[in-house]
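Participant: any chance you could fold what I've pasted below:
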Amino acid sequence: MIKEGYIIKGDFWPEPVKVEKVEKRGDHIRLLVRTIHTEKSTDHLFKIEELSGLEVINTDIDLSADPQEVFLVIEAMRFRYASLFDPLLAVNVSKIDPLPFQIEAVYGYILKQPHIRFLIADDPGAGKTIMAGLIIKELKLRGLVRRVLIVVPGHLKDQWRRELKEKFNETFVVLDRNTFNAHYGENPWEKNNQVITSIDFAKQDDILRSLSSVHWDLTIVDEAHKMSAYKYGDKVEKTQRYKYLIQITTLMQFLQIRPITTI
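Facilitator: From the prediction side, this is the model:
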């Protein structure tokens, strides 16, 4: 249907015209138009079926949508495809200054794998938290993960939460016994998509049962030696913590301080 503001063209005019007024008169439609280049006004009476012979070149832009919603849609599309054009997207949207070896580890090795399951072993203070944050941020920006679980020693829970918020603008909830007591009858693992918990808390029987009923897209374990397997002859013994986590997560990342040996 032709509307006011449309720019149309047809055999009735020597150039495109802008529709200034549309009137219905019985079985006919009257169009008052103005030519685009010569700015001459004219009107024509059309049968309704004759309108199909007119070609709409363009229409007025509809700006009636909520601007905040439009902005969010544009941002979502930008982030969705940003990784195709910016190979270091997580670095550029975070408040960090990574070292070359961190870039190489994350982008040169870990993120290139179709199924991420890595152990990062390095000296204390080498920035394993930075590498873990880059992995989380990059996978989220690419739309590959949504639910993230981080298992750390109890004394590092708040440090992890604070660093991920300050450096990567990622908000994590710390789950402990107090949280569970405050949500009696509920499963806090299901309510939160980004969780930090302690290794000792997660190994408790009632917590393991509630944890095993949910699924995580990515699990990161700090001080992963507490989940290491042991070999006795030809038999390999895996810890219960590892067995539980491997069943409820798609991708896993282990962090470990590199042992210092004397040669």
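
Participant: can you map out the helices along the stretch 51-200 of the chain?
Facilitator: With DSSP state H, counting those that start in this stretch as the criterion, the stretch 51-200 of the chain has helices at 67-85, 89-92, 100-103, 128-141, 157-168, 177-182, 188-191, 199-202.

Participant: for the helix or strand encompassing residue 24, which positions count as buried?
Facilitator: Residue 24 belongs to strand 17-25 when assigned by DSSP states H and E. Buried residues in strand 17-25, counted by 16 or more other C-beta atoms under 10 Å: 17, 18, 19, 22. Every C-beta, even on glycine, is put in place using the N, C-alpha and C of the backbone.

Participant: ok so, going back, reformat the helices of the stretch 51-200 of the chain as a markdown table; add mean pLDDT.
Facilitator: Conversion of the helices of the stretch 51-200 of the chain to a markdown table gives the following (pLDDT from 0 to 100):
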| stretch | mean pLDDT |
| --- | --- |
| helix 67-85 | 81 |
| helix 89-92 | 82 |
| helix 100-103 | 88 |
| helix 128-141 | 89 |
| helix 157-168 | 94 |
| helix 177-182 | 87 |
| helix 188-191 | 89 |
| helix 199-202 | 84 |
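
Participant: need the residues that contact the strand holding residue 24.
Facilitator: Strand 17-25 is contacted from outside by 2-9, 29-36, 41-43, 45, using C-beta atoms under 8 Å, 6 or more residues apart in numbering.

Participant: same thing but at 10 Å, please
Facilitator: Outside strand 17-25, the residues that touch it by C-beta atoms under 10 Å, 6 or more residues apart in numbering are 1-10, 29-46, 48, 54, 56-57, 59-60.

Participant: what is the nearest residue to residue 151 once chain neighbours are set aside paired to in the beta sheet?
Facilitator: Spatial nearest neighbour of residue 151, excluding adjacent residues (C-beta to C-beta, 6 or more residues apart in numbering): residue 221 at 4.8 Å. Legend: beta-bridge partners of residue 221 under DSSP bridges are residue 151, residue 254.

Participant: what number of residues lie near residue 221?
Facilitator: Counted with other C-beta atoms under 10 Å, the neighbours of residue 221 add up to 25.

Participant: now do residue 89
Facilitator: 18.

Participant: which residues touch it?
Facilitator: Contacts here follow C-beta under 10 Å, 6+ apart; on that basis residue 89 touches 79, 82, 83, 134, 137, 138, 141, 142.
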